[in-house]
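Chemist: Pasting the sequence and the predicted coordinates here, then a few questions.
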Amino acid sequence: MRFSLLSLLRESLRGHRGWPAQWRDASPKPAYDVVIVGAGGHGLATAYYLAAECGLRNIAVVEKGWLGGGNTARNTTVIRSNYLWEESEAIYEHSMKLWQDLSHALNYNVMYSPRGVMMLAHTVHDMQVIRRHVHANRLAGIDNELLSPREAQAFCPILNIGRDIRYPVLGAALQRRGGTARHDAVAWGYARAASALGVDIIQNCPVTGLRRQQDGAIAGVETARGFIAAPKIGVVAAGHSSVLMAMAGVRMPLESFPLQALVSEPVKSVMPCVVMSNTIHAYMSQSDKGELVIGAGTDAYPSYSQAGGLHIASDTLEAVCELFPTLRRLRMMRSWGGIVDVTPDRSPIIGRTPVPGLFVNCGWGTGGFKATPGSGHVFAHTIAKGEPHPIAAPFTLDRFRTGRLIDEAAAAAVAH
Amino acid sequence: MLLIPCPFCAMDRPEAEFRHAGEAHLTRPPDPAAADDAAWADFLYHRANPRGVIAERWRHVHGCGRFINVLRDTVSDRILASYRPGEKRP
Ligand SMILES: Cc1cc2nc3c(=O)[nH]c(=O)nc-3n(C[C@H](O)[C@H](O)[C@H](O)COP(=O)(O)OP(=O)(O)OC[C@H]3O[C@@H](n4cnc5c(N)ncnc54)[C@H](O)[C@@H]3O)c2cc1C
Ligand SMILES: [Zn+2]
């Protein structure tokens, strides 16, 4: 079934009772050509591009819960491509280009909204960092502009640019093509399109082991619903990547941290863009429902508790109240946490592993939603060919041995 | 916020008094010049990152100032033990 103006009209007259299920809830077959572990946005996108572009059809995505229930469902959906290093610019920009046409390509409205992402600077150091980013981005042909406090306020009228707050706004960097997309729709859109191409999406099926052959190569996955054989396996498990890779005996340069977000009660439109501040660990945008979506920081210690400390969220809210005083009386409706997998250089790991046939795509940490289309695309090509897609090539697991790190850590400091 | 028992101060103190200092019991290659890149990668970057009990270091920066070791369950965040550096993991 394709969505069109006609089908929407017809269904709105029929009380929306005629929509069919958007994907098949498959049961596992004994064997596949490729098994993807983890049905988050990245895993589903990988499966979709494997089927749509790489000529593979016998593919399964195995998910321990329901699809899109991990960080895909928990993130604050900020999309941008103004990273510091060329390798990062290439992969995030690749993604940005795919976002622009994604609703059309998937025939599913992912509500990509390039409303502008404005990153604030509060200290002399912040200003230097932001300037460096703007120059690096412009050399790479990626839009990013420097704004004065007044220009920043003109772009986001509720922003407080007074000098009398703890961290006054000294300037900002604005990427106008940055913005947001609807997180659930991204997972559902890829699931629907992949399922239509024959991909089996197997939910409620935790992977409990990675079985290897005599010669060490991957043989398949042990799951709660039995063994599934596959000569190629892609692990795309976000916060649980270390746990899965340990099943194959591979130690990872990862630590998993809780990262939190909150939403307020819905209000009329007050926030036309996304505003981020690394220095005070806060970022915010407004959803189409009117809720202010607020991202907080990570806890200080690794954890799988999927909650996060209250003091982390309250620090962020204090900062938000100073930056946007008009929101002081707003009530928060919900808060939650997701487990993010953080690498030492804050760049992802995409590619082969020491185990033949086993591929991994992880380490997206606090900022992988924006990369969902590009990540899935280059990972699909990497799995299909058995060698890295050119854009994925710098993001090897081996870089931690060779020392060719892609250091976005110092560049971004915290959330992105 | 965690309540962390400091073995030096012999008190439960709030997490805000401490700074997290990473996985415990990592040993620097004893003969640095002889260690190859893989050994360095293992020491510098690879972490157990367990879903379960982790041994980790904290520094009691707003207290005694010392490094301590803590055993914590990373699923429940419950602290199981704390002990001084140099002592064996309980
Ligand atoms: C609060 C918060 C805010 C964020 N904000 C942003 C933002 O504004 N912009 C941005 O770009 N990024 C953001 N991120 C980061 C982003 O959400 C992640 O980088 C991204 O979603 C990771 O993609 P994924 O598809 O791999 O993850 P997930 O959606 O987490 O998918 C991984 C899947 O693997 C499954 N899995 C795990 N173990 C197993 C197993 N043993 N067997 C089977 N399946 C398993 C999980 O259940 C899960 O569904 C944020 C994250 C959080 C938590
Ligand atoms: Zn102490």
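Modeler: Here it is on my side, so go on. Residues are numbered from 1 along each chain as shown, chains lettered A, B, ... in the order given. Ligands and ions are numbered 1, 2, ... in the order given.
Chemist: Wait, residue A:383 touches residue A:46, no?
Modeler: Yes. Contact criterion C-beta atoms under 8 Å: residue A:383 and residue A:46 qualify, at 7.2 Å. Quick note: C-beta positions are derived from backbone N, CA and C, even for glycine.
Chemist: Residues of chain B that sit close to chain A?
Modeler: Neighbours of chain A within chain B, by C-beta under 8 Å from any C-beta of the partner chain: B:1-2, B:15-16, B:19-20, B:37-38, B:40-42, B:44-51, B:54, B:56, B:72, B:74-77.
Chemist: in chain B, which spans are helices?
Modeler: For chain B, the helices defined by DSSP state H cover B:37-44.
Chemist: nope, chain A is what I meant
Modeler: Under DSSP H, chain A gives helices at A:5-13, A:41-53, A:71-74, A:86-106, A:124-139, A:149-155, A:183-196, A:241-247, A:310-323, A:372-385, A:399-402, A:409-412.
Chemist: Touching both of residue A:383 and residue A:46, which residues are there?
Modeler: residue A:234 (C-beta atoms under 8 Å, 6 or more residues apart in numbering or on different chains).
Chemist: show me the contacts for residue A:53.
Modeler: Residues near residue A:53 by C-beta under 8 Å, 6+ apart: A:377, A:380, A:381.
Chemist: Repeat that for residue A:405.
Modeler: A:344, A:345, A:347, A:399 are the contacts of residue A:405 under C-beta under 8 Å, 6+ apart.
Chemist: now, which of the residues you listed sits nearest ligand 2?
Modeler: Nearest to ligand 2 among the contacts of residue A:405 is residue A:344, at 28.2 Å by C-beta to the ion.
Chemist: Residue B:79 touches residue B:6, doesn't it?
Modeler: No. Applying C-beta under 8 Å as the test, residue B:79 and residue B:6 come out as separate, 11.2 Å apart.
Chemist: Neighbour count for those two, which is higher?
Modeler: residue B:6 (20 against 15; other C-beta atoms under 10 Å in any protein chain shown).
Chemist: what's the average pLDDT for stretch A:396-408?
Modeler: What stretch A:396-408 shows for mean pLDDT is 96.
Chemist: repeat for stretch A:381-392
Modeler: Here the average pLDDT along stretch A:381-392 is 98.
Chemist: Pull out the buried residues from it.
Modeler: Neighbour-count burial for stretch A:381-392 flags A:381, A:382, A:383, A:384, A:388, A:389, A:391, A:392 (criterion: 16 or more other C-beta atoms under 10 Å in any protein chain shown).
Chemist: Now which of the residues of chain B next to chain A would you call buried?
Modeler: B:2, B:15, B:40-42, B:44-51, B:54, B:56, B:72, B:74, B:77.
Chemist: residue contacts, residue A:368?
Modeler: A:42, A:71, A:238, A:348, A:375.
Chemist: Also residue A:379?
Modeler: Contacts of residue A:379 (C-beta under 8 Å, 6+ apart): A:42, A:46, A:49, A:234, A:236, A:350, A:359, A:361, A:389, A:392.
Chemist: ranges for the strands of the stretch 201-350 of chain A?
Modeler: A:207-212, A:218-223, A:226-229, A:232-235, A:255-264, A:274-277, A:282-286, A:292-298, A:332-342, A:349-352 (DSSP state E, counting those that start in this stretch).
Chemist: Isn't residue A:110 up against residue A:102?
Modeler: Yes. The criterion here is C-beta under 8 Å, and residue A:110 meets it with residue A:102 at 5.2 Å.
Chemist: Now for the two: what residues contact both?
Modeler: Going by C-beta under 8 Å, 6+ apart, residues that sit against residue A:110 and also against residue A:102 are A:181, A:186, A:189.
Chemist: which ones are touching the first one?
Modeler: Spelled out, it's residue A:181. Residue A:181 touches A:77, A:79, A:99, A:102, A:110, A:111, A:112, A:113, A:369, counting by C-beta under 8 Å, 6+ apart.
Chemist: Most neighbours among these, which one?
Modeler: In the contacts of residue A:181, the most neighbours by other C-beta under 10 Å go to residue A:79, 26 neighbours.
Chemist: ok, residue 52 - how many residues close by?
Modeler: Using chain A. So residue A:52, with other C-beta under 10 Å, has 18 neighbours.
Chemist: actually it's chain B I care about, not the one you picked
Modeler: Residue B:52: 12 neighbours (other C-beta under 10 Å).
Chemist: need the contact list for it.
Modeler: B:73, B:74, B:75.
Chemist: from those residues, which ones fall inside strands?
Modeler: Counting by DSSP state E, the part of the contacts of residue B:52 found in strands is residue B:73.
Chemist: Double-check residue A:76 against residue A:294; I have them as touching.
Modeler: Yes. Residue A:76 is within contact range of residue A:294, at 7.4 Å (criterion: C-beta under 8 Å).
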